[in-house]
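J.: Give me a 3D structure for the following:
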Amino acid sequence: MSREIRIQWNKIYGGYFVTDDSGATTLPHVSDGLAVDVDAWKQYLHDHFEVHHPDDIRGGRWANGDGRSYAQEARRLEREFAREVPRGEVVVTVDPFPGVVVLRLFADYTWWPVWDGYGLTDPADFPEMSSGLRLDLETWALEVEVGEGDRAVGEPLAQRLRDELGPDFEVHY
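T.: The predicted model follows:
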C-alpha cells in the first residue's frame, strides 16, 4: 500500500506544508529539475496571489487571473512525481487551491457542470470528491437544459459539493 503525501498551502500559517496522514513529513527524493519546479510553483503563489487583509486567513485573489496557471502546474507536478517516484511507494498530491475558491454549479453544453472564476473546471481539480458525486454531477449536467435545472436536484448537488470539498470552497447554484 502506498503512502499519500500532500503539498498544500496552509492559510493559517501562510506557508506550504508537506504532510501525510501521520503529520508533517518530507517529500521523496526526486530529480533536481522537479525540485526546482516545485520551488518555482511555490514562488508563483507568493508573487501572484493577493491576500485581501492580513487577518483574513481564507481570503485572497489571483492577480490578473493567474489561478488557472497555478492549478495546471499543480497537476503537472503531480504527474512528474508519479513518473519519478517508484510505483506503490508514495503518491504525491499537489493542492491547486491556496484561497477560498468560488465555484458555480451550472449546466452548459458540456458533461461537467462545475465552473470557477476562470471558466469550466476539470474533475481532476477535485481529487477529494467522491466518485458518486462526480457521477451524479456528470449525469445531471447531461440531463438538464442549458442554463436551466430543477432546483430540487441542483441545490442538493451543490450542498453535497460543499460538504465534500470543505470550507476552502464556496459553492453557488
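
J.: Any regions of the chain where pLDDT drops low?
T.: 1, 11-13, 51-60, 65-66, 99-100, 117-118, 145-150 (pLDDT under 70).

J.: Remind me what the lengthiest strand in it packs against, helices and strands.
T.: In the chain, taking DSSP state E as the definition, the longest strand is strand 3-10. Applying 3 or more CB pairs under 8 Å, 6 or more residues apart in numbering; DSSP states H and E, we find strand 3-10 packed against strand 15-20, strand 90-94. All C-beta spots, glycine's among them, are computed from the backbone N, C-alpha and C.

J.: got these as JSON lines, with distance to residue 46 columns?
T.: Putting the helices and strands packed on strand 3-10 into JSON lines (distance: least, CB to CB, whole Å) gives the following:
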{"stretch": "strand 15-20", "distance to residue 46": "10"}
{"stretch": "strand 90-94", "distance to residue 46": "16"}
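
J.: For residue 158, the count of nearby residues, please.
T.: 20 (other CB atoms under 10 Å).

J.: Now for it: which residues touch it?
T.: 105, 171, 172, 173 (CB atoms under 8 Å, 6 or more residues apart in numbering).

J.: What values do phi and psi take at the second one?
T.: Here is the backbone geometry of residue 171 (degrees, to the nearest 10): phi -110, psi 130.

J.: got it, and the third one?
T.: For residue 172, the backbone dihedrals are phi -120, psi 150 (criterion: degrees, to the nearest 10).

J.: so it touches residue 102, yeah?
T.: Yes - the pair formed by residue 172 and residue 102 meets the contact definition of CB atoms under 8 Å, at 7.0 Å.
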